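Q: show me the folded form of this:
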Amino acid sequence: MLQRYTQYKQMKHDLKTVVYESPNIDVFMSLWGNFISHYELSKNDWLNILFEERACWVPCYLKGFFLASMSTTQPCESMNAFFMGILISSHVSNNMCTNMIMHWNIMQNWSVKNVEDG
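A: Just a heads-up that it's a prediction; the model follows:
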């Protein structure tokens, strides 16, 4: 959690920049490392868990994933809501990837059912 840090507002802004303005994985990795170094967060367990699960929530890792029934702006809006939920939650689930995959499977099944029924 970042709220306990005196620089929380700037940290939140910088973290959003790292996540949403990284066009590819290499840039994300570089920006993430700079962020962690700049704020001396290498021992922050919460951020370390987020980093371990980055393939499930960082947009540049999710390129190529099928997000059924979403308009072009909805994936971004959904990721914003998801990311904000992580920022304010008191803990991060170790099953984040499992939960995201389950959600995607539900969305895909819903989409297939609507096509078949339509």
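Q: and Phe51, its phi and psi?
A: phi -60, psi -40 (degrees, to the nearest 10).
Q: what pLDDT does it get?
A: Looking at Phe51, its pLDDT is 94.
Q: what's the answer for Glu116, then?
A: On the pLDDT scale, Glu116 gets 50.
Q: just use 767 as the starting number from now, easier for me
A: Yep, numbering from 767; the last one is Glu882 now.
Q: and Pro825, how many neighbours does it have?
A: Look at Pro825: counted by other Cβ atoms under 10 Å, it has 18 neighbours. Yep, even glycine has a C-beta here, placed from its N, CA and C like the rest.
Q: that one against Val785, yeah?
A: Yes. Contact criterion Cβ atoms under 8 Å: Pro825 and Val785 qualify, at 6.9 Å.
Q: where does this structure dip in pLDDT?
A: For the chain, the stretches with pLDDT under 70 are 831-884.
Q: give me that answer again for 80
A: 767, 830-884 (pLDDT under 80).
Q: sec struct for the residue lying closest to Asn800 once chain neighbours are set aside, please.
A: Take Asn800 and drop its neighbours on the chain: the residue closest to it by Cβ to Cβ, 6 or more residues apart in numbering is Val784, 8.0 Å away. Three-state call for Val784 (DSSP: H, G, I helix; E, B strand; the rest coil): helix.
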